[in-house]
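*Asks:* Got a sequence here, can you build the structure:
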Amino acid sequence: MELNHEIARDLLSIQAVQIKTDSYFTWTSGIKSPIYCDNRLTMSYPAVRKKIMKAFIQKIKKMDEKPDVIAGCATAGIPHAAWLAEGMELPMIYVRSKPKGHGKENLIEGTLEKGQKVLVIEDLISTGGSSIKAAQAVQEHGGKVIDILSIFTYGLDKAKQQFLNARLSYQSLTNYDEVLHILVEDGKIDDNERKQLEAWRNEL
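*Replies:* Numbering: from 1, shown residues only. Model (predicted):
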């Protein structure tokens, strides 16, 4: 079984990803959504987080350029970046969502040398805004961002366009379409519900 399929199943089983076709969730932005994704829950399941790290390493092995540094996006990307950096015996940094309000007012914590190749780790990509902001902070600090890896993505066209505009590449371990495929496979939703869920995503 492919890891993207296994990880999608794991996210569903621990309820990190939940789907509703009858009553939608409300995102912080106010968007009404049939999907709720909280990958922070993966921290509490060692077997799941180990599988995620294994999948990240598989992605890295296929890259033309290898990272010198692993960067975690605050906050949910930080633990996965830490486990990955430990597993690969690489330095780690993390990027705050905004500069610290005291002391040196750092946006990036840890040591990053100019010209070092950086792999950015994120838990979730929706529109891509926070991931792009973190990657640009790394670039402004002198790092070379070679890729952005996330656990899950909704596959929104807006995200694809934003990454293209920022000239950044990104990959995810699993995605919304894989989750829908599993739900149909398991008889949790029917084809009409799948089409409804696909239409919601495609219209965003």
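
*Asks:* hang on, residue 7 in a helix?
*Replies:* Yes: Residue 7 forms part of a helix when assessed by DSSP: H, G, I helix; E, B strand; the rest coil.

*Asks:* dump the residue contacts of it.
*Replies:* Residues near residue 7 by CB atoms under 8 Å, 6 or more residues apart in numbering: 48, 51, 52, 55, 151, 173, 174. For the C-beta atoms, the positions are set from N, CA and C on the backbone; glycine is no exception.

*Asks:* in whichever strand or helix holds the second one, what's buried?
*Replies:* Pointing back at residue 51 there. Under the criterion of DSSP states H and E, residue 51 resides in helix 46-61. Buried residues in helix 46-61, counted by 16 or more other CB atoms under 10 Å: 48, 49, 51, 52, 53, 55, 56, 60.

*Asks:* so the fifth one touches residue 82, yeah?
*Replies:* When you say that, I think you mean residue 53. No: assessed by CB atoms under 8 Å, residue 53 is found out of contact with residue 82, at 10.1 Å.

*Asks:* what separates the residue most central in space within the chain from residue 77, distance-wise?
*Replies:* What sits nearest the mean C-alpha location of the chain, by CA atoms, centre = their mean, is residue 150, with 2.4 Å. Taking CB to CB, to the nearest Å as the measure, residue 150 falls 8 Å from residue 77.

*Asks:* and for the two, which residues touch both?
*Replies:* 121, 122, 123.
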